[in-house]
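Undergrad: Sharing a model that was predicted from the sequence below.
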Amino acid sequence: MLRVELLRLAFQSGRQTLVAVDGVSFDIAAGETFALLGESGCGKSVTAQGIMRLLPAVGRILGGRVCFDGEDLLALSEAEMRTWRGGRIAMIFQEPATSLNPVLTVGQQIGEVLWRHLGLRGAEATGRMVDLLRQVGIADPERRLNEYPFQFSGGMKQRVMIAIALAGEPELLIADEPTTALDVTVQAQILDLLARLQAERGMSILLITHDLGVVARMAHRVGVMYAGELVEVAGREAFFGQPRHPYTQALFEALPDISRRGRGLATIPGQVPSLGRMPSGCRFSDRCRHVMARCREQSPDWRKLDGHAVRCHWQGEAAEAGEWRHPLTEMEGAAGRSFLEVDDLKVHFPIRKGFLQRTVGHVRAVDGVSLAIAPGRTLALVGESGCGKTTVGKALLQLIPPSGGAVRLGSNELVGLKGQRLRAVRRHMQMIFQDPFASLNPRLRVGDIIAEGMEALGVSGGGASRRAAIAALLAQVGLPDEAMERYPHEFSGGQRQRIAIARALAVQPELLICDEPTSALDVSVQAQILNLLKKLQAELGVAYLFITHNFAVVEYLAHDVAVMYLGRIVEQGRAEEVLRQPHHPYTKALLSAVPAPRLEALAGVIRLAGETPSPANPPAGCHFHPRCPRASDLCRSQYPATVALSATHRVTCYHPE
């Protein structure tokens with residue numbers, strides 16, 4: 001269905017032409033999923049933009065062909081291309097916050113596709129919109145059609161993007177990190193939905209991802225991309241059975257896992273070369289452990305062996321897993337008084353209607369959450385998108401005023417603090433936000449973004465000493481000194497997340513609230529960031545509230561886990577207790593839905609019935625009972641009390657398994 005031949009794409013920078021995609025060729029059959037893997041900055045998204053003819057103004061197509069059903073898309077006029085985009089070919093973009101129009105409702109944006117490509121209007125279009133939102137797991141779709149993107153969480157925005165992409169019933173779906181911002185249960189729903197639509201329509205999928213678990217579940221064939229070139233192409237079984245290229249092997253070794261909990265994760269030294277400094281030989285040579293003299297002088301040709309096409313001079317066998325003992329011992333935390341204590345925290349948002357905007361109800365985003373974090377420990381807060389995890393993090397920092405409850409940092413009560421006293425306390429707490437593009441000022445250079453917090457809170461000196469401190473922070477998160485002089489839009493999604501982490505670390509906080517800090521990162525950079533966070537915790541005793549849907553990260557990094565559903569904690573305890581012996585049916589469903597990067601782990605997902613209820617209208621009794629296979633009449637009538645299973649393990653359930 002799609003054939004890409006020797007595609008070359010570049011960006012114009014002054015008089016210099018910087019090649020970002022250099023001679024990439026692959027094909028996708030009808031009904032096939034081809035996964036494109038690689039680190040941030042390797043050219044995966046640029047390849048997708050080139051296929052869709054959506055390159056920015058400075059983008060250039062230098063050569064090659066993109067044939068869809070025999071039609072060369074690169075030869076079409078822009079007017080002709082508009083009939084293909086959104087109709088026969090659709091794309092799910094990596095950053096939904098920047099892809100959705102902020103001044104149009106969600107319904108208007110989906111309806112635009114339905115009218116343009118399917119000719120649907122009125123009640124027929126509205127019914128189709130409601131059905132699409134329900135398919136991607138958005139509760140109360142009739143109401144939410146009239147809401148704007150800012151009223152949705154990060155994961156909800158991603159689901160809206162998927163609904164827009166599927167609205168035109170495309171034959172080819174280009175999915176650029178389609179499930180990155182989604183929790184595991186919704187991710188499982190979306191992957192099931194894509195697989196079902198693919199089977200029904202014979203739809204092809206170009207899947208761009210850094211999640212090897214998603215690749216194991218979805219892909220028929222896999223292509224690994226590095227520095228603008230494909231370096232390995234193989235079928236799924238061959239790829240996971242014995243990865244051949246040294247770069248692919250290094251990606252597998254960088255995956256976090258419970259077995260590596262007391263160890264550092266293997267990282268790939270150095271960075272992807274910049275577009276202006278591509279090596280003359282093999283582009284991976286500067287980072288490869290098997291490098292030879294000819295690698296630095298001669299670009300390798302393709303070799304075919306055992307179901308693989310590999311672009312590499314080295315012909316050794318697959319490397320053994322590179323598990324090495326980290327020089328830092330794992331901190332299991334100190335007993336005693338908690339550094340942060342949260343008691344019965346509530347955040348309710350009013351629902352206003354009518355000309356006078358009277359309050360007619362409340363969205364109970366956080367409805368009685370109690371947590372405690374000790375110095376030097378990591379508490380992972382997990383749950384589905386929209387359950388209130390991010391709202392908890394913002395309420396702790398008083399970025400959102402709590403409706404009730406207490407938040408104590410050391411001896412300070414934070415609820416109600418204002419002005420200079422609140423600013424002084426924030427010196428000890430910082431937040432890494434989920435969407436780095438939205439949280440970085442686009443008009444400031446990176447150096448100024450990091451320096452801003454240091455100046456406001458009186459950290460470090462001025463002039464040369466501050467500049468040296470900023471350079472050291474950038475080096476810690478794997479960015480060069482020259483990044484100080486560049487703007488956020490000049491970086492990839494993963495690089496922007498690293499900048500956000502450097503900014504949070506700049507004021508030397510004692511508590512970091514990390515809201516999906518590695519969700520936008522490929523596995524090698526994720527390994528660097530996790531090693532960095534672990535190192536800082538060991539050296540400084542910094543505590544983390546880690547908001548995430550990535551259970552592999554939870555297993556590797558967290559000491560304690562709290563599971564959240566519809567604004568309330570349903571199970572919490574030590575990581576080994578919750579992850580190895582879950583008692584709440586919701587926790588068991590979450591863990592079963594985690595995509596593992598192994599082919600033998602593809603079965604056994606617990607499918608939850610129905611959808612997550614709206615926090616504006618939670619069910620009576622236990623909030624989970626409409627989706628619970630063990631629900632009884634008692635569950636439907638009264639919310640359960642919390643039961644202590646051990647000194648550290650608690651569950652809120654009438655029928656704990």
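TA: All right, it came through fine.

Undergrad: in stretch 230-250, what's buried?
TA: 230-234, 236, 238-240, 243-250 (16 or more other C-beta atoms under 10 Å). Where you see a C-beta, it was placed from the backbone N, CA and C, and this is true even at glycine.

Undergrad: Restricted to strands, list these.
TA: Within the buried residues of stretch 230-250, residues falling in strands by DSSP state E are 230-234.

Undergrad: hey, where'd the strands end up in the stretch 201-350 of the chain?
TA: Applying DSSP state E, counting those that start in this stretch to the stretch 201-350 of the chain gives strands spanning 204-208, 221-226, 229-235, 302-305, 308-311, 340-353.

Undergrad: Select, out of these, the one closest to residue 75.
TA: If you check each of those against residue 75 by C-beta to C-beta, strand 204-208 wins as the nearest, at 20.1 Å.

Undergrad: quick one: strands adjacent to the closest one?
TA: strand 33-37 (parallel), strand 172-176 (parallel) (DSSP bridges).

Undergrad: which residues sit against it?
TA: For strand 204-208, contacts defined as C-beta atoms under 8 Å, 6 or more residues apart in numbering pick out 1-2, 28-36, 44-45, 48, 51, 94, 171-178, 194, 198, 214-215, 218-219.

Undergrad: Report the buried members of those residues.
TA: With burial judged by 16+ other C-beta under 10 Å, the buried subset of those is 1-2, 28, 32-36, 44-45, 48, 51, 94, 171-178, 194, 198, 214-215, 218-219.

Undergrad: quick one on the thing from earlier: could you point out which of the strands paired with strand 204-208 sits nearest residue 521?
TA: Evaluated with C-beta to C-beta, the strands paired with strand 204-208 place strand 33-37 nearest to residue 521, the distance being 13.5 Å.

Undergrad: Would you mind pulling up the elements that the next helix or strand after that closest one packs against?
TA: Sequence-wise, the next helix or strand downstream of strand 33-37 (DSSP states H and E) is helix 44-52. Judged by 3 or more C-beta pairs under 8 Å, 6 or more residues apart in numbering; DSSP states H and E, the packing partners of helix 44-52 are strand 2-13, strand 16-28, strand 33-37, strand 59-68, strand 89-92, strand 172-176, strand 204-208.

Undergrad: contacting residues for residue 174?
TA: Residue 174 touches 48, 51-52, 89-92, 205-206, 208, counting by C-beta under 8 Å, 6+ apart.

Undergrad: From those residues, which shows the smallest pLDDT?
TA: Lowest in pLDDT among the contacts of residue 174 is residue 92, which has 90.

Undergrad: end to end, how far does stretch 367-385 reach?
TA: In terms of C-alpha to C-alpha, to the nearest Å, the two terminal residues of stretch 367-385 are separated by 16 Å.

Undergrad: and what of stretch 514-527?
TA: Span of stretch 514-527 from end to end, C-alpha to C-alpha: 15 Å.

Undergrad: Quick one: mean pLDDT over it.
TA: 78.

Undergrad: In that stretch, which residues are buried?
TA: Those would be 514-527, for stretch 514-527 by 16+ other C-beta under 10 Å.

Undergrad: do the same with stretch 94-101
TA: Buried residues in stretch 94-101, counted by 16+ other C-beta under 10 Å: 94-97, 99-100.

Undergrad: ok, these vs residue 613, which is closest?
TA: Nearest to residue 613 out of the buried residues of stretch 94-101 is residue 96 (C-beta to C-beta; 22.7 Å).

Undergrad: correct me, but that closest one touches residue 165?
TA: No - Residue 96 sits out of contact with residue 165 when judged by C-beta atoms under 8 Å, with a separation of 10.7 Å.

Undergrad: want to throw the helices and strands packed on helix 44-52 into TSV with distance to residue 576?
TA: Shown next, in TSV, are these (distance: least, C-beta to C-beta, whole Å):
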stretch	distance to residue 576
strand 2-13	46
strand 16-28	42
strand 33-37	31
strand 59-68	49
strand 89-92	36
strand 172-176	35
strand 204-208	33
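
Undergrad: what's the closest of those to residue 482?
TA: Residue 482 lies closest, by C-beta to C-beta, to one member of the helices and strands packed on helix 44-52: strand 2-13, at 13.9 Å.

Undergrad: Please enumerate residues in contact with that closest one?
TA: 17-28, 43, 46-47, 49-51, 55-56, 58-68, 172, 204, 206, 275-276.

Undergrad: what's the residue closest to the geometric middle of this structure?
TA: Per C-alpha atoms, centre = their mean, the C-alpha nearest to the average position across the chain is that of residue 519, at 2.6 Å.

Undergrad: Can you give me the distance of the residue nearest to it when sequence neighbours are not counted to residue 440?
TA: Closest residue to residue 519 apart from its sequence neighbours, by C-beta to C-beta, 6 or more residues apart in numbering: residue 180 at 5.4 Å. Distance, residue 180 to residue 440, by C-beta to C-beta, to the nearest Å: 18 Å.

Undergrad: List just the one of the strands of the stretch 201-350 of the chain that sits closest to residue 141.
TA: Residue 141 lies closest, by C-beta to C-beta, to one member of the strands of the stretch 201-350 of the chain: strand 340-353, at 16.6 Å.

Undergrad: Which strands and helices lie in contact with the closest one?
TA: Judged by 3+ C-beta pairs under 8 Å, 6+ apart, strand 340-353 is in contact with strand 358-373, helix 389-396, strand 404-409.

Undergrad: Tell me which strands the first one pairs with, and in which orientation.
TA: Strand 358-373 sits in its sheet next to strand 340-353 (antiparallel), going by DSSP bridges.

Undergrad: try the shortest one
TA: When pairs are called by DSSP bridges, strand 404-409 turns out to pair with strand 340-353 (antiparallel), strand 412-413 (antiparallel).

Undergrad: From the chain's centre, how far out is that strand? Work that out for me.
TA: Relative to its parent chain, strand 404-409 has a centroid offset of 29 Å by C-alpha atoms, centre = their mean, to the nearest Å.
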